[in-house]
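J.: below is the sequence, then the predicted model.
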Amino acid sequence: MENNNTHNPEIEQEMTQEELSELLQIRRDKLKALQDAGKDPFEIVKFDQQYYTTDIISNYDELEDKTVSIAGRMMSKRIMGKASFANLLDYKGNIQIYVRRDDIGEEAYADFKTMDIGDILGITGKVFKTRTGEISIHCESLTLLSKSLRPLPEKFHGLKDPELRYRQRFVDLIVNPSVRETFVKRSRIVAEIRNILNAKGFIEVETPVLNTSASGASARPFITHHNTLNLDMYMRIATEIHLKECIVGGLERVMR
């Protein structure tokens, strides 16, 4: 899982430069303190993740009171003295974790209290339900896997500006679950289309991105220059010319 250390303009434009600089410095100071204490999260390259959050929720009856391990990005945190709740987001969904000082130890709990929204955590603990019936994990050990050095968008407003959503797609994927679902659905649809075409005897071929002539559709092509060959080249608009060339060459059924 990747950390959230890249530029995020929407959240930053809501702050003054002074506020932003102070916030970024605080997070970097926390990272420095961890590194000085020999707890550099960026040195941890492996964590034994047994389940996704949705697996635990879907199979609660089987996993109740059993020890599981998950990993995800902390999206919220509520500190309540000697015990705290947090919400962990992974690839498939999110789940609540319950962290108590007496269970993980004073030092680990003190470290947890300094962690920020956006940090990626590895959690090991037992599956249970709270008094309100919410499926949660009672944390027995906690590992900071990656430190988030920049803030996420404010959760109630999220990332709304369309241009920023496309330019900052990684942030869009974190804060908008529906976008992740769209990515997954599209991938599965494309895979199924490939399976159908493969079954019908089609083969998939690669076609060049840059061509020596502008072809396909009527859009104005992007032009660049190949210095070594001293050639002007054009970014492809469509792949039909190359697919037709494959057919001419004897490949009866091709797809791209």
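T.: On my side now, so go ahead.

J.: contacts only, for A219.
T.: When contacts are counted by Cβ atoms under 8 Å, 6 or more residues apart in numbering, A219 touches I237. For the C-beta atoms, the positions are set from N, CA and C on the backbone; glycine is no exception.

J.: make residue 1 into 33 and carry on from there
T.: All set: I'll call the first residue 33, so the last point we hit is now A251.

J.: and the gap between it and I225?
T.: 25 Å (Cβ to Cβ, to the nearest Å).

J.: centre of the chain to stretch 50-63, how far?
T.: When C-alpha coordinates are averaged (Cα atoms, centre = their mean, to the nearest Å), stretch 50-63 and its chain have centres 23 Å apart.

J.: just the strands in the stretch 183-288 of the chain please.
T.: With DSSP state E, counting those that start in this stretch applied, the stretch 183-288 of the chain shows strands at 235-236, 242-243, 255-258, 263-267, 286-287, listed in chain order.

J.: so which of the ones you listed is the most packed in?
T.: For those, ranked by mean neighbour count under the definition mean count of other Cβ atoms under 10 Å, the leader is strand 286-287 at a mean of 16.

J.: got the buried residues for whichever helix or strand D143 is part of?
T.: Taking DSSP states H and E as the criterion, the element that holds D143 is helix 138-146. Residues of helix 138-146 classed as buried: A140, Y141, D143, F144 (neighbour count, 16 or more other Cβ atoms under 10 Å).

J.: next SSE downstream of that helix?
T.: Elements were assigned by DSSP H and E; along the chain past helix 138-146, the next helix or strand is strand 152-161.

J.: how many residues are close by I76?
T.: Neighbour count of I76, defined by other Cβ atoms under 10 Å: 14.

J.: correct me, but it touches T175?
T.: Yes - under the criterion of Cβ atoms under 8 Å, I76 lies in contact with T175, with a separation of 6.7 Å.

J.: tell me where the protein has helices.
T.: Assigned helices in the chain, in chain order: 41-45, 49-68, 85-90, 92-95, 133-136, 138-146, 194-199, 201-207, 209-231, 272-280 (criterion: DSSP state H).

J.: G150 contacts K109, doesn't it?
T.: No - contact between G150 and K109 fails when scored by Cβ under 8 Å: they sit 10.6 Å apart.
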